[in-house]
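**Student:** what would the 3D arrangement of this be:
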Amino acid sequence: MSSTVDFIIIGAGSAGCVLANRLSANGKYSVCVIEAGPRDRNPWIHIPIGYGKTMFHKTLNWGFYTDPDDNMLGRRIYWPRGRTLGGSSSINGLIYIRGQKQDYDSWEQAGNAGWDWAHCLPYFRKLETNDLGAGPTHGTDGPLNATSIKTPHPLVEALIQAGAALGLKKRGDFNDGDHEGVGYYQLTTRNGKRCSTAVAYLDPARQRHNLRIETDAQVTAILMQGTRASGVRYRKGSQEHTLLANREVIVSAGAIQSPQLLQLSGIGPADLLTQFGIPVMKDLPGVGGNLQDHLQIRLIYEVTRPITTNDQLRTLWGKAAIGLQWLLFRGGPLAIGINQGAVFARAIPESATPDIQFHFGTLSADLAGGAVHEFSGCTYSVCQLRPESRGTIRIQSSDPLRAPSIQPHYLSSALDRRTAVAGFKYARRLAATAPLSTLMKREYRPGDGVQTDDEILHFCREYGATIFHPVGTARMGAAQDPAAVVDQRLRVHGVGGLRVVDASIMPTITSGNTNVPVVMIAERAADFILEDARG
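**Tutor:** Numbering: from 1, shown residues only. Prediction:
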């Protein structure tokens with residue numbers, strides 16, 4: 001069974017939903033977006049705090065695991081990724097962060113013309129409706145909502161005062177290009193509900209005659225005619241389908257599955273492909289390399305007073321009260337999510353800009369998304385913003401349904417190890433600073449037994465985990481760069497009619513949560529694609 005459209009988008013995630021909307025908007029081109037997961041009908045997707053329910057969901061989450069990592073005491077680390085319309089934007093922690101302007105300036109300095117902050121900022125403004133109001137750095141008529149947390153929380157208020165005592169500026173806006181300071185995050189919510197890219201971009205476009213949305217359909221191969229991508233093969237139920245593209249195939253399957261699909265289709269390191277008997281269509285050594293992620297180190301404290309979300313979630317009465325608050329007013333903890341407090345700071349003396357980020361949560365659990373503790377607790381989750389460690393994504397067979405090998409190589413760099421220890425110490429300094437210190441009863445994890453740098457580093461290896469920001473595995477760069485996969489317009493080097501548009505194209509990881517930067521990348525890519533289609 002086969003058919004033909006102008007544009008095929010593989011993956012209806014954070015980037016794919018944006019592309020589906022923008023490429024179909026003028027009615028001139030036929031577009032099909034293919035998503036392996038189901039429609040986003042599960043109610044926990046749309047309740048902001050439902051992140052805890054989708055973290056381990058067997059249908060809505062790919063539930064990847066890394067290979068055993070020698071740098072992490074041989075542990076296999078759980079990597080959740082969204083498997084539904086909206087992708088990871090439907091299951092993430094809803095944090096609205098662009099990163100710092102230096103992130104994008106460094107992309108251009110590395111040879112990617114037009115990807116500096118000045119060129120990216122108009123697209124950040126275009127994509128958002130920000131309740132801070134219109135201005136030089138913000139927009140108010142875009143599809144994606146950026147919503148401020150308006151209800152103060154005593155723990156976050158104490159965090160802000162403690163941060164100020166350590167010399168941090170109190171910030172009401174972390175998205176103007178300079179985010180050093182302490183304050184409340186903005187969230188991708190709208191009227192108390194999650195504003196995923198499926199809600200923001202795909203829902204308004206669903207009824208267009210020229211847009212086709214395939215769900216529960218997994219692409220197994222990109223089809224080639226010579227050196228040009230001509231379509232895809234995908235599996236839906238027990239049937240296999242072929243879909244051809246008049247113009248382009250766009251891979252938006254994310255930093256894990258985009259390189260996996262390219263490799264399965266014969267585009268990647270030749271030695272890897274021949275190992276599994278895959279004909280080499282294009283030898284691109286960089287496909288699956290350059291993997292980067294933010295490693296989070298979580299310190300958990302018991303709080304002196306019952307003011308945490310733990311206290312509200314521990315009893316049936318508490319659950320009923322916050323449930324009613326959300327149902328009647330779209331307010332309360334269910335409308336906010338887990339992490340409210342933001343800190344961007346410098347832990348290493350030589351850093352010119354913030355090198356660590358905190359997700360300060362007003363609850364605590366042994367695992368992110370796990371059951372809350374029986375005590376009143378809070379979490380200081382700290383991550384290094386610009387790790388030097390690099391990993392890989394590699395297929396393990398020619399079977400498209402087998403998960404790839406994920407090797408993050410966390411803490412393989414001396415700088416990363418030093419920053420992890422420094423970030424941990426900064427968290428303790430915060431917790432020990434008034435007035436926050438008056439609310440901290442004890443350090444539950446790791447506790448007083450961890451004091452020396454070696455003990456702290458061992459704790460980081462034993463308990464460190466992903467903060468869900470894999471990027472870089474099909475990175476953007478010049479054609480003469482042997483490790484680059486796509487050019488500045490996100491076209492795959494040496495392959496016609498094929499682009500990659502998602503977090504995998506980032507040359508280096510942004511200094512913060514990666515979802516909003518991916519939406520910006522997709523907005524830019526849509527303009528590139530439409531410009532090229534006009535010829």
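
**Student:** could you use CA atoms for every contact and neighbour count after this?
**Tutor:** Fine.

**Student:** in terms of helices and strands, where is residue 129?
**Tutor:** strand 128-130 (DSSP states H and E).

**Student:** show me what that strand is packed against.
**Tutor:** When contacts are defined as 3 or more CA pairs under 8 Å, 6 or more residues apart in numbering; DSSP states H and E, strand 128-130 packs onto strand 144-148.

**Student:** and the helix or strand following the strand it packs on, which residues are buried?
**Tutor:** Sequence order places helix 154-165 as the next helix or strand after strand 144-148, per DSSP H and E. Counting neighbours by 16 or more other CA atoms under 10 Å, one finds that the buried residues in helix 154-165 are 155, 156, 157, 158, 159, 160, 161, 162, 163, 164.

**Student:** what helices and strands are in contact with helix 154-165?
**Tutor:** Contacting helix 154-165 under the criterion 3+ CA pairs under 8 Å, 6+ apart are the following elements: strand 170-171, strand 181-184, strand 339-345, helix 414-431.

**Student:** what angle separates the lengthiest helix in the chain from strand 144-148?
**Tutor:** Longest among the helix segments of the chain by residue count, using DSSP state H, is helix 515-534. With axes from the mean of the first three to the mean of the last three CA atoms, to 10 degrees defining the directions, helix 515-534 sits at 160 degrees from strand 144-148.

**Student:** in helix 515-534, what's buried?
**Tutor:** Applying 16+ other CA under 10 Å to helix 515-534 flags 515-526, 529 as buried.

**Student:** list the contacts of residue 349.
**Tutor:** With CA atoms under 8 Å, 6 or more residues apart in numbering as the criterion, no residue contacts residue 349.

**Student:** you'd agree it is in a strand?
**Tutor:** No: Residue 349: not assigned to a strand; according to DSSP: H, G, I helix; E, B strand; the rest coil it is coil.

**Student:** distance of it relative to residue 419?
**Tutor:** According to CA to CA, to the nearest Å, residue 349 and residue 419 sit 10 Å apart.

**Student:** now the helix or strand containing residue 223: average pLDDT?
**Tutor:** For residue 223, the host element (DSSP H and E) is strand 217-225. Average pLDDT, strand 217-225: 98.

**Student:** re the thing from before, which of the buried residues of helix 515-534 lies closest to residue 96?
**Tutor:** Using CA to CA, residue 516 comes nearest to residue 96 of the buried residues of helix 515-534, at 6.4 Å.

**Student:** quick one: the longest helix of the chain to chain centroid distance?
**Tutor:** 17 Å (CA atoms, centre = their mean, to the nearest Å).

**Student:** then stretch 292-300?
**Tutor:** The answer for stretch 292-300 is 14 Å, by CA atoms, centre = their mean.

**Student:** do stretch 157-175 as well
**Tutor:** 24 Å.

**Student:** so how far does that stretch reach from one end to the other?
**Tutor:** 20 Å.

**Student:** quick one: stretch 156-176 to chain centroid distance?
**Tutor:** The chain centre lies 24 Å from the centre of stretch 156-176; the measure is CA atoms, centre = their mean.

**Student:** surely residue 504 meets residue 471?
**Tutor:** Yes: Residue 504 lies in contact with residue 471 (CA atoms under 8 Å); the separation is 4.7 Å.

**Student:** which residues do those two both contact?
**Tutor:** Both residue 504 and residue 471 are in contact with residue 255, where contact means CA under 8 Å, 6+ apart.

**Student:** for the two, indicate the residue with more neighbours.
**Tutor:** Set side by side, residue 504 and residue 471 show more neighbours around residue 504, with 33 against 26, by other CA atoms under 10 Å.

**Student:** so after the helix or strand encompassing residue 454, what's the next helix or strand?
**Tutor:** In the assignment (DSSP H and E), residue 454 maps to helix 453-463. Heading C-terminal from helix 453-463, the first helix or strand you meet, by DSSP H and E, is strand 465-466.

**Student:** what about the helices in the chain?
**Tutor:** 16-24, 43-46, 51-54, 101-109, 117-127, 154-165, 197, 254-264, 270-275, 309-313, 316-329, 414-431, 453-463, 515-534.

**Student:** of all those helices, which lies closest to residue 340?
**Tutor:** helix 154-165 (7.2 Å).

**Student:** can you give the contact residues for the closest one?
**Tutor:** 169-170, 181-184, 307, 340-341, 343, 360, 362, 430, 433-436, 439.

**Student:** just want the angle from it to strand 339-345.
**Tutor:** Using the same axes, to 10 degrees: helix 154-165 against strand 339-345 is 10 degrees.

**Student:** where are the low-confidence patches of the stretch 351-500 of the chain?
**Tutor:** In the predicted model, the stretch 351-500 of the chain carries no residue with pLDDT under 70.

**Student:** mind listing what the longest strand seen in the chain pairs with, with the direction of each?
**Tutor:** Ranked by residue count and defined by DSSP state E, the top strand of the chain is strand 239-251. Here strand 239-251 is paired, per DSSP bridges, with strand 2-10 (parallel), strand 228-236 (antiparallel), strand 498-500 (parallel).

**Student:** for that strand, what is the average pLDDT?
**Tutor:** Rounded mean pLDDT across strand 239-251 is 97.

**Student:** hey, C-alpha coordinates of that strand in CSV?
**Tutor:** Taking Å, rounded to 0.1, in the frame of the first residue of the first chain, the C-alpha atoms of strand 239-251 are listed here in CSV:
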residue,chain,number,x,y,z
GLN,A,239,0.6,-3.9,7.9
GLU,A,240,3.6,-2.3,6.2
HIS,A,241,3.0,0.9,4.2
THR,A,242,5.1,2.9,1.8
LEU,A,243,4.7,6.7,1.5
LEU,A,244,6.5,8.7,-1.1
ALA,A,245,7.6,12.3,-1.0
ASN,A,246,7.4,14.7,-3.9
ARG,A,247,9.7,17.2,-2.1
GLU,A,248,11.3,16.2,1.1
VAL,A,249,11.5,13.7,3.9
ILE,A,250,12.1,15.4,7.3
VAL,A,251,13.4,13.4,10.2
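
**Student:** mind checking how far it is from the chain centre?
**Tutor:** 26 Å.

**Student:** again with stretch 144-156
**Tutor:** A distance of 20 Å separates the centroid of the chain from that of stretch 144-156, by CA atoms, centre = their mean.

**Student:** ends of it, how far apart?
**Tutor:** This stretch, stretch 144-156, spans 25 Å end to end (CA to CA).

**Student:** buried residues, it. List them.
**Tutor:** Neighbour-count burial for stretch 144-156, with 16+ other CA under 10 Å as criterion, is recorded at 144, 145, 146, 147, 148, 149, 153, 155, 156.

**Student:** now the residue nearest to the first one when sequence neighbours are not counted: how far from residue 97?
**Tutor:** It stands for residue 144. Counting by CA to CA, 6 or more residues apart in numbering, the nearest residue to residue 144 once its immediate chain neighbours are dropped is residue 128, at 4.7 Å. Residue 128 is 12 Å from residue 97, where distance means CA to CA.

**Student:** again with residue 54
**Tutor:** According to CA to CA, residue 54 stands 21 Å off from residue 97.

**Student:** look at these two and report which has more neighbours.
**Tutor:** Shown here are residue 54 and residue 97; by other CA under 10 Å, residue 97 has more neighbours (25 against 22).
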